[in-house]
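J.: Next one to model:
(2 chains, ligands or ions: 1)
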Amino acid sequence: MSEMRPQLVATAAALFAGAPDWPALAASGLPLLLVPEASGGFGGDWGDAAAVLREAGRAALAAPLGETMVASKLVAGARASVQQGQGTLAVATGWLTATQSVQRFNGSARGVAWGAAADWLVAGHHGRALLISTYAATAGANPAGEPRDSLVLDAAPTLVLGRADVLELGAFVRVAQIAGGLEAALALAVDHVNSRVQFGKPLARQQAIQQQLAVLAGEVAAAGMASAAAARALDASRDARFEIAAAKLRANLAVARGVGIAHQVHGAIGFTMDYPLQRLTRRLIGWRSEFGGDAFWAARLGQRALALGGAGLWAEMARQGDR
Amino acid sequence: MTAAMASVFALPPADAVPGAAAVRARVRDFLAAHPPPADPARRVNCWAVADEAFSRALGQAGLIGMVWPCAYGGHARPAMERYIVLEELLAAGAPVAAHWIADRQTGPLLLRYGSEAQRRRWLPGMAAGEIYACIGLSEPGAGSDLAAVRSRAERVPGGWRINGQKLWTSGAHRSHVMLALLRSEAGSERQAGLSQFLIPMDTPGITVRPVIDLSGAHDFNEVFFDDCLVADDALVGGEGEGWRQVTAELALERSGPERYLSSHALLATLIDARLADPAVTALIGSLVAELWTLRQLSWATAAKLAGGDDPVVEAAMVKDLGNDFEQRLPQAVQAVVSADLDGGDDLGRCLAQLLLVSPSFSLRGGTREVMRGMIARGLGLR
Ligand SMILES: Cc1cc2nc3c(=O)[nH]c(=O)nc-3n(C[C@H](O)[C@H](O)[C@H](O)COP(=O)(O)OP(=O)(O)OC[C@H]3O[C@@H](n4cnc5c(N)ncnc54)[C@H](O)[C@@H]3O)c2cc1C
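T.: Numbering: from 1, shown residues only, chains lettered A, B, ... in the order given. Model (predicted):
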């Protein structure tokens, strides 16, 4: 797919720039990017998904596009029929019961992106992915005002899709969005300091400003590389747990270090509702906590490193890069 | 949004190198036969630790000058194979300082700008791990402002007469040659009138004096040139082309694995200490995340360099992010463990060593501020 990637990315960027609603996104086919062509999808790979979601992050797209992409892939991977409408991803707690021929799930999920609006969802539960369509939702929101709803699943009919770490795949989506969002924040900052004049010259001429934006650019580079390399790992192997954990944690650190710089060089204008920076930074702040915050991934990755041992850690990193 | 933004770090992750596992196995076999120092404190900051016997053995094993043509003692291997060798050596804490500069920059510079005679004279010994080089850039009055170089070379019949002083020259005391940036045109200013010279260190008139660093180690030196006479062919590349050539040389220096992997022994020692403290586990996790990302960034840059491009801004980013990581590493470890810095255990010794030497990371090879200035230029801010 990647020979089509530049065109795909350009198309997505043009679409996202117009703040499309869900029907427009659905019409573009992007929610089925990761579904094989034989199942009516685009047949894209993880690298394509990361590239498109990075554009979504750059445009501060307010829609569960990545969630639906991943959920649709999991559905298609289980040879279940591809779901229509808006999907989402959830990490659920509760229990499965099998009554006669049908399985049912009882439990709950929190912070589900566009949970109330979704027509169906794929929930992660003890390392498996479950397809569920009926639940009750209570509205919630992340710091950007994007819906993050609480769901109650009451004997919900469930199709077990198979083994998958939904949290991990959700993190993959957020890493790509963070990469794009930070990149757009840097672009705004650069534009701003080039045009804003103080002390008789553009802010960009101040070395203190230049040095801060160089740091932000480094964080943009790190988040972008984390996303692209995690995608490469997913495309190369079924087991990309290490890489996704590292990528989400590094992207989270980039948010931590980057958002403040973007605001600082903007001055007060960046602190207003009217100026577009908040559309990016409020999302970045929220995305950092979603699908595993720093503490979660640091503990998981730290335990993995401890299990590998000092020499084993290096051997494992080298092995991954070589495949 | 500006178009410039698209190119902040436009490099894709590098593809896997064919045959990588075999190259790693070769290096690991070599390291099994020539083990790095047992004391982890001698393995942290390992690219500043010199062991000439190790370098000679490495050269005999064909692991120096790997990408150079066979005609000059090299092995004509792909550049990314060399990268694998470097990272394996650094991750193991091998003492690579003696030959590092010749392998990384002096040899490649000679291949790029040197004459046939210069290549034949110097490269085979460098590839054998027997000829070492040092970098003669900094002077008392020329640090970040390298164009302020004043040491000079005057044309005399049959050669050049060199006078002046270099400072902070790492490894000058064990090097056979110095690649020096000198003012070859009397009265020239700034970037003009500079040339590069390859000066044998046994030339009469050279005095090397140690400068002991704050950890008590003898790594860098001051080097005096007092009416040193060198032959015509000491000039490398074009007369007056020194600034352009040195800029290219420095790009080779910036983005390699030594910028994030040179203190790996501390992280490995921390892991192996098995401290069973959730704060330590979390710290290990976040350090690993940064290390993994840096490796991706450095690989991508190396792949670009291997393709013959000159990713200046990306290389500056790798150095800046890598230096920052390697400086935070010992600080962060010190913050979460109660280590005994007076040498009681491995972790304490590694930590004490790195806490002392890590401030130099963002000085050597171009300072943090200079790197960030280059990145800012890439952003179109200057
Ligand atoms: C361990 C070590 C090994 C070294 N090995 C070598 C070697 O082998 N060969 C060699 O030639 N050199 C070597 N150096 C020297 C190194 O390249 C210089 O230290 C470096 O270029 C900075 O120069 P300086 O020390 O004179 O500091 P200065 O240039 O005086 O700078 C001091 C501080 O001011 C900042 N500064 C300077 N100018 C500006 C500016 N315009 N804007 C903002 N900030 C600025 C710098 O970033 C730095 O933080 C080594 C240094 C170290 C520490």
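J.: Could you tell me which residues of the stretch 151-300 of chain B lie near the ligand?
T.: Residues of the stretch 151-300 of chain B found near the ligand (C-beta under 6 Å from any ligand atom) are B:W168, B:T169, B:S170, B:F220. Heads up, the C-betas are built off the backbone N, CA and C, glycines and all.
J.: What ranges does the stretch 201-350 of chain B have for its strands?
T.: Taking DSSP state E, counting those that start in this stretch, the strands of the stretch 201-350 of chain B run over residues B:206-212, B:218-231, B:235-236.
J.: list the contacts for the residue of chain A most remote from its centre?
T.: For chain A, the residue at maximal distance from the C-alpha centroid (C-alpha atoms, centre = their mean) is A:G200, at 41.8 Å. By C-beta atoms under 8 Å, 6 or more residues apart in numbering or on different chains, no residues touch A:G200.
J.: and A:A78, what is it in contact with?
T.: If a contact means C-beta under 8 Å, 6+ apart, then A:A78 has A:A129, A:L131, A:L159, A:L161, A:G162 as its contacts.
J.: do you know how far the first one is from the ligand?
T.: Spelled out, that is A:A129. Separation of A:A129 from the ligand (C-beta to the nearest ligand atom, to the nearest Å): 52 Å.
J.: and what of the last one?
T.: Distance, A:G162 to the ligand, using C-beta to the nearest ligand atom: 55 Å.
J.: That residue belongs to a strand, doesn't it?
T.: Yes. Counting by DSSP: H, G, I helix; E, B strand; the rest coil, A:G162 falls inside a strand.
J.: quick one: it from A:A171, how far?
T.: Taking C-beta to C-beta, to the nearest Å as the measure, A:G162 falls 19 Å from A:A171.
J.: Looking at those two, which has the bigger crowd around it?
T.: Using other C-beta atoms under 10 Å in any protein chain shown as the criterion, A:G162 and A:A171 rank with A:A171 on top: 25 against 13.
J.: can you put the strands of the stretch 201-350 of chain B in a markdown table and add distance to chain A, mean pLDDT and mean neighbour count?
T.: Below are those laid out as a markdown table (distance: least, C-beta to the nearest C-beta, whole Å; pLDDT from 0 to 100; neighbours: other C-beta atoms under 10 Å in any protein chain shown):
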| stretch | distance to chain A | mean pLDDT | mean neighbour count |
| --- | --- | --- | --- |
| strand B:206-212 | 29 | 98 | 14 |
| strand B:218-231 | 25 | 98 | 18 |
| strand B:235-236 | 32 | 98 | 24 |
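J.: Out of the ones you listed, which is closest to A:V112?
T.: Nearest of the strands of the stretch 201-350 of chain B to A:V112, taken as C-beta to C-beta: strand B:218-231 at 56.7 Å.
J.: got the CA positions of that closest one in PDB?
T.: The C-alpha trace of strand B:218-231 is given here as PDB (Å, rounded to 0.1, in the frame of the first residue of the first chain):
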ATOM      1  CA  HIS B 218      43.700  12.500  30.800                       C
ATOM      2  CA  ASP B 219      41.600  12.600  27.600                       C
ATOM      3  CA  PHE B 220      42.100  16.000  26.100                       C
ATOM      4  CA  ASN B 221      45.300  18.100  25.600                       C
ATOM      5  CA  GLU B 222      46.700  21.300  24.400                       C
ATOM      6  CA  VAL B 223      48.900  21.100  21.400                       C
ATOM      7  CA  PHE B 224      51.500  23.700  20.400                       C
ATOM      8  CA  PHE B 225      53.000  24.100  17.000                       C
ATOM      9  CA  ASP B 226      56.300  25.900  17.000                       C
ATOM     10  CA  ASP B 227      57.700  26.400  13.400                       C
ATOM     11  CA  CYS B 228      56.600  22.900  12.400                       C
ATOM     12  CA  LEU B 229      57.600  22.000   8.900                       C
ATOM     13  CA  VAL B 230      55.300  19.600   7.000                       C
ATOM     14  CA  ALA B 231      55.500  18.500   3.400                       C
END
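J.: and that strand, which strands flank it?
T.: Strand B:218-231 has the following strand partners under DSSP bridges: strand B:159-167 (antiparallel), strand B:206-212 (antiparallel).
J.: Pull the residues that contact it.
T.: Strand B:218-231 is contacted from outside by B:48, B:97, B:136, B:151, B:153, B:156, B:158-173, B:178, B:197, B:199-200, B:203-213, using C-beta under 8 Å, 6+ apart.
J.: Repeat the analysis, applying 7 Å as the threshold.
T.: B:48, B:136, B:151, B:156, B:158-170, B:172-173, B:178, B:197, B:199, B:203-213 (C-beta atoms under 7 Å, 6 or more residues apart in numbering or on different chains).
J.: just stretch A:55-63 next, same as before
T.: A:9, A:12-13, A:16-17, A:22, A:25, A:65-66, A:146, A:176-181, A:183-184, A:279-280, A:283.
J.: tell me the average confidence for it?
T.: Stretch A:55-63 carries an average pLDDT of 98.
J.: Now do the end-to-end distance for that stretch.
T.: 13 Å (C-alpha to C-alpha, to the nearest Å).
J.: can you count the residues close to A:A222?
T.: 28.
J.: got the contact list for it?
T.: A:R250, A:A254, B:T293, B:L297, B:L321.
J.: Pull out the buried residues from the least confident helix or strand in chain B by mean pLDDT.
T.: Ranking every helix and strand in chain B by mean pLDDT, DSSP states H and E puts helix B:242-254 at the bottom, with a mean of 85. Buried positions in helix B:242-254, judged by neighbour count with 16 or more other C-beta atoms under 10 Å in any protein chain shown: B:G242, B:W243, B:Q245, B:V246, B:A248, B:E249, B:L250, B:A251, B:L252, B:E253, B:R254.
J.: who touches it?
T.: If you take C-beta under 7 Å, 6+ apart as the criterion, helix B:242-254 is touched by B:104-105, B:108-109, B:113, B:181, B:191, B:194-196, B:237, B:310, B:312, B:315-316, B:318-319, B:365-366.
J.: swap the cut-off to 6 Å and go again
T.: Outside helix B:242-254, the residues that touch it by C-beta atoms under 6 Å, 6 or more residues apart in numbering or on different chains are B:105, B:108-109, B:113, B:181, B:191, B:194-196, B:237, B:310, B:312, B:315, B:319, B:365.
J.: try stretch A:14-25
T.: By C-beta under 6 Å, 6+ apart, stretch A:14-25 touches A:S28, A:E55, A:A56, A:A59, A:L61, A:A63, A:L65, A:Q86.
J.: Show me the two of those that sit farthest apart.
T.: Spanning the widest gap among the contacts of stretch A:14-25 are A:E55 and A:Q86, at 19.2 Å by C-beta to C-beta.
J.: So which of these two has more stuff around it?
T.: Ranked by neighbour count (other C-beta under 10 Å), A:E55 and A:Q86 place A:E55 first, with 26 against 22.
J.: that's a helix at the more buried one, yeah?
T.: Yes. Assessed by three-state DSSP, A:E55 belongs to a helix.
J.: Quickly note the distance from it to B:G378.
T.: A:E55 is 22 Å from B:G378, by C-beta to C-beta.
J.: Enumerate every residue touching residue 286.
T.: You didn't pick a chain, so chain A it is. Contacts of A:G286 by C-beta under 6 Å, 6+ apart are A:N142, A:P143, A:A144.
J.: meant chain B actually
T.: A:L249, A:A298 are the contacts of B:S286 under C-beta under 6 Å, 6+ apart.
J.: For whichever residue of the stretch 51-200 of chain A sits closest to chain B, give me the backbone phi and psi.
T.: Nearest residue of the stretch 51-200 of chain A to chain B: A:A187, at 4.0 Å (C-beta to the nearest C-beta). Dihedral angles phi and psi of A:A187 (degrees, to the nearest 10) take the values phi -60, psi -40.
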